[in-house]
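K.L.:
what's the 3D shape of this:
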Amino acid sequence: MASDTDTTLRNTVPRLREAIVRHARYSLGLEPADLDCDDMFRAVSLAVREFLVDGMLETERRYAEHDAKRLYYLSMEFLVGRSLGNNLLNLGLFDACRKAVEELGVDLDEVRECERDAALGNGGLGRLAACFLDSLATLDMPGYGYGINYQYGLFKQRIDHGYQREQPDNWMSSSNPWLIERSNESIVVPVYGWVEEQRDALGLPRRVWLGQRIVIGVPYDMPIVGYGGETVNFLRLFSARSSEDFDMQIFNQGEYLRAVQQKIASETVSKVLYPSDSVEQGRELRLIQEYFLVACAVRDLVKRFDSSHDRIEDFAEKVAVHLNDTHPTLAIAELMRILVDERNVVWENAWKIAQDTFAFTNHTLMPEALETWPTSLLHRVVPRHLEIIREIDRRFGEHLMDVWPDDAARRRHVSIIDTVGEERVRMAHLSIVASHSTNGVADLHSELLKSDVVPDFFALWPERFTSVTNGVTQRRWLQKANPPLSDLLDRTIGTDWVTNLSKLRDLERYIDDEEFLEAFAAAKHENKEVLAATVAETTGITVDPYTMFDVHVKRIHEYKRQLLNVLRIIYEYLELVEDGVEPAAPRTYLFAGKAAPGYWAAKQIIKLINNVGDVVNRNAKATGLMRVAFLPDYRVSLAERIIPAADLSEQISTAGTEASGTGNMKLAMNGALTVGTLDGANIEILAEVGEENMHIFGLTAEEVGDLRGRHAYDPRALYDSDEKVRRALDALASDRFSPREPGLFEWVFKALLNPGDPYVHLADLPSYIDAQKRIGAEYMDQGSWRRKALLNVARIERFSSDRAVSEYASNIWNLRAFHPTSVHDPE
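P.N.:
A predicted model of the protein is given here:
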């Protein structure tokens, strides 16, 4: 971490110390000596927030002076994690704050540990959005996030006898010091009701939405500071509140219970991230959540535009709206509703404004993950929006008749409303039709999007499709998460890498510098010591930091193939205890990740990991050679412990299923070697770091597609012919790993031998085992391993979110930077 200058320390430490004391007394009502850890965290954060607010107001003045075009990034998730350490680093106040709290008798690291992760997301989608906000601010670009201020996150994961148990994640049980309430800017959100045709003052027919129930969206701003502290944008999060007037009307009529129920129902909208959609009420709440987000966001950004502009025709010149996957797609219908119904813009002009405004990122290749909504549910919840979507679909259909007049099947295939079976709106289709740009998030993903997922749309509008490979912010994932390595980099190549990741290329000069390589290895070992302590604290399992840390951390899903990893571990364990074949390198196998509460197979995979770990860890023959641990409640702050300590990064999804991945980038950035398939961004990492510095195995996406297309996948033949496959599966079938629950994993045996296994586990298992043997041997040559790890760090520049955001800004958003030093420069 970069040190502040002596002058800054002298000027800033007293200000921070006085602000902490002031907030302890006047914000919390306590003497500094009476603060517990949580109180001290809040007092320190409120003191730091003063610097953020100063920067935010100055940033807004700078943008307003230039009448800047602004980006609004709509996402159901923003997985920001903890903010205190990140804010201190970006503001350049880390050392000053450490000294200020020391003068109050407190350790800053202990204060930082008291902060709860902001549970505003679940996985890669939300973490990507958070990285983008960091990069936008660091690049001095006017970009803002819009999301929901969830009271509860997805869930807090506990492991009970190997099973995942979900507990409420009430991350806001005490007030969050980073959120600034803006109740005077609340948004009225109508839901339900019906639509009628009425005549306006000129006698013209108008569609009017009547009988709505009202929910209020109260905005809370979380300042997002860029590195250097000169630009502070914000993430605006909306909390749902009941409409006081409506509730009081019911209350005063004597229907007290219904008034209370109305209030509870309204405020449920922002209560929890991703309510279960396994029941009708859950699906309806999820749709209302999506509409609540876009209604608040679109109304708010239109108001912001109106505050400094008179002509709605100029809207797209000053506003860019990005849809982070399909969840915010209703923003299209909402903007059209405002333009057509409220601003009286003729349809054709409104449609052009919408298309010039919206851009869309697709994040999946899984057909079942392409969101659709029944028209019956849309009619009940947002009846006017359904009418608008039908009109968009009708006009799109007329265009298709011109393009493909003799191909009714093709026209049906791309229609926005699917009329086969239950009538449903295809949200991805609506997003593509209404956006001037659709992008994938890795080169392979973008090509498969065009060739396999939506090829007909690509045929219609090839110019609208592009690719922007994901990226991660090095400030969070290297500078903050990995102080030992960050400090070494600063001492060796300077600090410019923090904002220009290409500077890491300078590390290649040290590839044969034994003193530097020793320091590089020492930084890794220091991180492994920290993680070993965390493993012991959270699981009760002791692990040896001198072993290889083999890390598989991500959402638990069959396509991510944690199951393949477990089969490999089983095989290596059997080789050890039955054949006496020791692994080439002692390993600690570390897993972490959450399974969706309703995803039975994924939850069973967690149970299998824990059961295998229990058997391995109890066997004396495996002592010192194999250790398995599943770390519960994977989240940003835990990832910041695991990723810097990893030696090996498991990126083993079935080729053609992972859109991009960002964990692969974070792990490589921190000096882990990757073992992976040619999937997602693995392909691009391979091109950058070199095939000799990664371990690739398994089928390609084309080979997987060919197997499926020809129905040629025959796992039974693989089982019969390959001893590795047969041995691992037979151990599962034998109840060796479930002696107290016979038959528990029989489903795995059957599923893997099913030719319909969409993730072709057994096809890749032999080559995966072979790759792992090579990796173990390579790890024992520590000189070679360190060089390869160093080259992963040195060549990771392409995977900075700064690069990704710059590409979006230039190629999609038409967004420019407004640097503080050039405020008065001519355009």
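K.L.:
The longest strand anywhere in the chain: what's the following helix or strand?
P.N.:
Counting by DSSP state E, the longest strand found in the chain is strand 213-225. For strand 213-225, the succeeding helix or strand toward the C-terminus, using DSSP states H and E, is strand 232-242.
K.L.:
Just checking: what are the partner strands of that following strand?
P.N.:
Sheet partners assigned to strand 232-242 using DSSP bridges are listed as strand 143-148 (parallel), strand 213-225 (antiparallel).
K.L.:
so how far is the longest one from its chain's centroid?
P.N.:
Averaging C-alpha positions (C-alpha atoms, centre = their mean, to the nearest Å) puts strand 213-225 20 Å from its chain's average.
K.L.:
averaged over its residues, what pLDDT does that strand have?
P.N.:
Average pLDDT, strand 213-225: 96.
K.L.:
follow-up on the earlier one: for the longest strand of the chain, list the C-alpha coordinates in PDB.
P.N.:
C-alpha atoms of strand 213-225 as PDB (Å, rounded to 0.1, in the frame of the first residue of the first chain):
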ATOM      1  CA  ARG A 213     -51.000   0.400  -6.100                       C
ATOM      2  CA  ILE A 214     -48.200   2.800  -5.200                       C
ATOM      3  CA  VAL A 215     -44.800   1.800  -3.900                       C
ATOM      4  CA  ILE A 216     -42.300   4.500  -3.000                       C
ATOM      5  CA  GLY A 217     -38.600   4.200  -4.000                       C
ATOM      6  CA  VAL A 218     -36.300   6.000  -1.600                       C
ATOM      7  CA  PRO A 219     -32.800   6.500  -3.000                       C
ATOM      8  CA  TYR A 220     -29.600   6.000  -1.000                       C
ATOM      9  CA  ASP A 221     -26.300   7.000  -2.500                       C
ATOM     10  CA  MET A 222     -23.100   5.100  -1.900                       C
ATOM     11  CA  PRO A 223     -20.100   7.200  -2.900                       C
ATOM     12  CA  ILE A 224     -17.700   5.500  -5.300                       C
ATOM     13  CA  VAL A 225     -14.300   7.000  -5.200                       C
END
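K.L.:
neighbours around the nearest residue to residue 118 once chain neighbours are set aside, how many?
P.N.:
In space, and not counting its chain neighbours, residue 118 is closest to residue 80: 4.9 Å by C-beta to C-beta, 6 or more residues apart in numbering. All C-beta atoms are positioned from the backbone trio N, CA, C, and that covers glycine. Neighbour count of residue 80, defined by other C-beta atoms under 10 Å: 27.
K.L.:
Tell me the backbone dihedrals of residue 80, please.
P.N.:
Main-chain torsions, residue 80, degrees, to the nearest 10: phi -80, psi -20.
K.L.:
And residue 625, by the same measure?
P.N.:
Torsion angles, degrees, to the nearest 10, at residue 625: phi -120, psi -40.
K.L.:
Which residue lies closest in space to it, excluding its sequence neighbours?
P.N.:
For residue 625, ignoring the flanking residues on the chain, the nearest one in space by C-beta to C-beta, 6+ apart is residue 586 at 4.9 Å.
K.L.:
Report the contact partners of the one you found.
P.N.:
By C-beta atoms under 8 Å, 6 or more residues apart in numbering, the residues touching residue 586 are 544, 546, 547, 548, 624, 625, 626.
K.L.:
Turn these into CSV, columns for distance to residue 360, secondary structure and neighbour count.
P.N.:
Listed next are the contacts of residue 586 as CSV, based on distance: C-beta to C-beta, whole Å; DSSP: H, G, I helix; E, B strand; the rest coil; neighbours: other C-beta atoms under 10 Å:
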residue, distance to residue 360, secondary structure, neighbour count
544, 48, coil, 16
546, 48, coil, 12
547, 45, coil, 21
548, 41, strand, 23
624, 52, coil, 12
625, 49, coil, 18
626, 46, strand, 23
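K.L.:
The stretch 51-200 of the chain: helices as residue ranges?
P.N.:
84-91, 94-103, 108-113, 124-138 (DSSP state H, counting those that start in this stretch).
K.L.:
Make TSV out of these and add mean neighbour count.
P.N.:
Converted to TSV, these look like this (neighbours: other C-beta atoms under 10 Å):
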stretch	mean neighbour count
helix 84-91	24
helix 94-103	20
helix 108-113	16
helix 124-138	26
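K.L.:
So residue 207 sits against residue 194, correct?
P.N.:
No. Using C-beta atoms under 8 Å, residue 207 makes no contact with residue 194, being 10.8 Å away.
K.L.:
The two - which one has more neighbours?
P.N.:
Using other C-beta under 10 Å, the more surrounded residue of residue 207 and residue 194 is residue 207, with 16 against 13.
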